[in-house]
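Asks: Have a look; sequence and predicted model below, questions after that.
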Amino acid sequence: MHGQMGESSYTQEVSNLVKLVHSRSVLKDSLYEQASVYFKQIEANNDSLKKLASRLAEHQIALEQGNFTNKRKLAIEVELAQSLLYQEQERQKLDRQKRQTQLLNVSEALILLSEGCDQQETQNNSAKVLGTLLLLSPQEGSRLATLHQKLKPAYKAVLALRLLDKLLIEKEISNPYIMQQLGTSERFGKTGTDLSPFQRGAGIAIVVAALIQDIGLQHPAAQLILKGPQGDLDEFRVLDNDDRLALLKINYQQTLNYLTHGIGLASYSGNSREEKALFDENELQRFQFIKTLLNDSVKPKLPEGHLLKIPQIYASVIFSTKPDSNLSNLPKATLVLDKAAEMKAVEAKFTDYFISIVGHFPQGFGITYIPKDNDNQDLDRYEYAIVYALNPSNPFVPICRSATRHLTFNSVGKRILVPVSNNLYFATTRKKFANISPERLEEILKKLCSNFEERKNLELIPSHWNPYTYFGYKKFQNLWKKTN
């Protein structure tokens, strides 16, 4: 036994954030549920406003044309019609403000969780969020596609922020809004508990765009394609080309619709005319930048369009919703990016920048590797490790935390680099075990997998391992704890 199972306070924080973005609850208070409700009510809400406005206009005309004896009665009817219209406008405004507040609060929380006071702390914090998100997935089961759909938005948002920093370092970004924000503000907050003006501006904009990039799929027209008229089709099935193109169009149009009308611009609360003018200008600039991100992410022509497009392609493999989703495919996500660059869907140099951040093995991926003895010779066994850091000096050599030592699980593993020559994911490395007896390999497997049901379907020389069960124990959840 490895102690108590469950979620540590940090893992719970990440889980709660995911639920605030995309979940199914009685309260319908996640971002995606709020969008679904909004889309379903658009027509009724618009009709309600039209009817009330029309009724008010009729009463006003009647008042203008009425005789002296019934003017008082008509004036009361006008006043009542005005009140009813105002009440409906306020109700819809409050609903919009609720959605807006939720979206901004979630975006702020995600930035605070994934960034720090400087670049190094930010890289560590982001790796922790990305790794935790991946380790929340069992990578199997009938509900896997649904879970992956919920995990993906936050994952994309963190990756978009890290790609932003990389492009800034490489001087590839010239967007006026970003440069103006960076010129008047520190990149990171000073305390780690509050956002810098840059984070409140460009940072929030990028996170919002990443979180709502696919929110248009909640529209009834999109749901009709995905689930069919009776709602009984598998929404994760492979669509034919016509349905796929129609779905992409609906998602794009309705995401912009939701941003413009379902979220809108935040309102200033205060009494200063100068402060209001500055607030409104900042809100408008951020809003326009979010629209730019969403517009250009479809077929990126600008560097900032890649901030959404590249993480979207990558996350579609890491959190695949396809029936043939397989843990062993995760390191191939970067190959999909390379293919997209070949097809000119994204620019190759931006893909290279992104791969230099994440490496070929995603944070949270389970590595099986051959350890070495004190003389730097390969041992006749393999051990488990987990990728836990960003920015490997070589994308093929992941920065890992060892999960086992002498075939025994431990909670305070060492930081190690796993070269290709010792990483069993590579077929050439697995050949090193060709002369090791099946009995010895079975002995290793027994120590690492005590449950026979779990063990019987595993390869004797595994190319990787699934850390999901390991991560289910609280004491194993702090992979990012600093060790010597």
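Replies: Thanks, I have it. Just so it is clear, the structure is predicted and the values come from calculations on it, not from any experiment.

Asks: tell me, which helix in this protein spans the most residues?
Replies: Counting by DSSP state H, the longest helix found in the chain is helix 71-114.

Asks: The helix or strand just after that helix: how far from the chain's middle?
Replies: Later in the chain than helix 71-114, the nearest helix or strand by DSSP states H and E is helix 119-135. Averaging C-alpha coordinates over helix 119-135 and over its chain gives two centres that are 13 Å apart (CA atoms, centre = their mean, to the nearest Å).

Asks: Could you do stretch 245-253 as well?
Replies: Chain-centre distance of stretch 245-253: 20 Å, with CA atoms, centre = their mean.

Asks: mind saving the C-alpha coords of it as PDB?
Replies: Output of stretch 245-253 as PDB, limited to C-alpha atoms (Å, rounded to 0.1, in the frame of the first residue of the first chain):
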ATOM      1  CA  LEU A 245     -16.800  21.900 -42.100                       C
ATOM      2  CA  ALA A 246     -20.300  23.000 -41.000                       C
ATOM      3  CA  LEU A 247     -19.300  22.400 -37.400                       C
ATOM      4  CA  LEU A 248     -16.100  24.500 -37.700                       C
ATOM      5  CA  LYS A 249     -18.100  27.400 -39.200                       C
ATOM      6  CA  ILE A 250     -20.700  27.300 -36.500                       C
ATOM      7  CA  ASN A 251     -18.100  27.100 -33.800                       C
ATOM      8  CA  TYR A 252     -16.200  30.100 -35.200                       C
ATOM      9  CA  GLN A 253     -19.300  32.300 -35.700                       C
END
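
Asks: can you list contacts of it?
Replies: Identification of contacts with stretch 245-253 by CB atoms under 8 Å, 6 or more residues apart in numbering yields Asp214, Gly216, Leu217, His219, Ala221, Ala222, Ile225, Leu226, Leu239, Leu294, Val298. C-beta coordinates here come from the backbone N, C-alpha and C atoms, glycine included.

Asks: Next, the buried residues of it.
Replies: Within stretch 245-253, the residues that qualify as buried are Ala246, Leu247, Ile250, Asn251, Tyr252, counting by 16 or more other CB atoms under 10 Å.

Asks: Quick check, pLDDT for the first one.
Replies: Think Ala246. Looking at Ala246, its pLDDT stands at 97.

Asks: One more: the fourth one?
Replies: Reported pLDDT at Asn251 in the predicted model: 97.

Asks: again, but for Gly413
Replies: In this model, Gly413 is scored at 87, pLDDT.

Asks: same thing with the one 10 residues further on?
Replies: At Asn423, the pLDDT value in this model is 98.

Asks: Verify the stated contact: it with Thr429.
Replies: Yes - using CB atoms under 8 Å, Asn423 is in contact with Thr429, at 5.7 Å.

Asks: Looking at those two, which has the bigger crowd around it?
Replies: Each of Asn423 and Thr429 has its neighbours counted (other CB atoms under 10 Å); Asn423 has more, 25 against 22.

Asks: how about the helices in the stretch 351-484 of the chain?
Replies: Along the stretch 351-484 of the chain, the stretches classed as helices by DSSP state H, counting those that start in this stretch are 427-430, 438-448, 452-455, 468-471.
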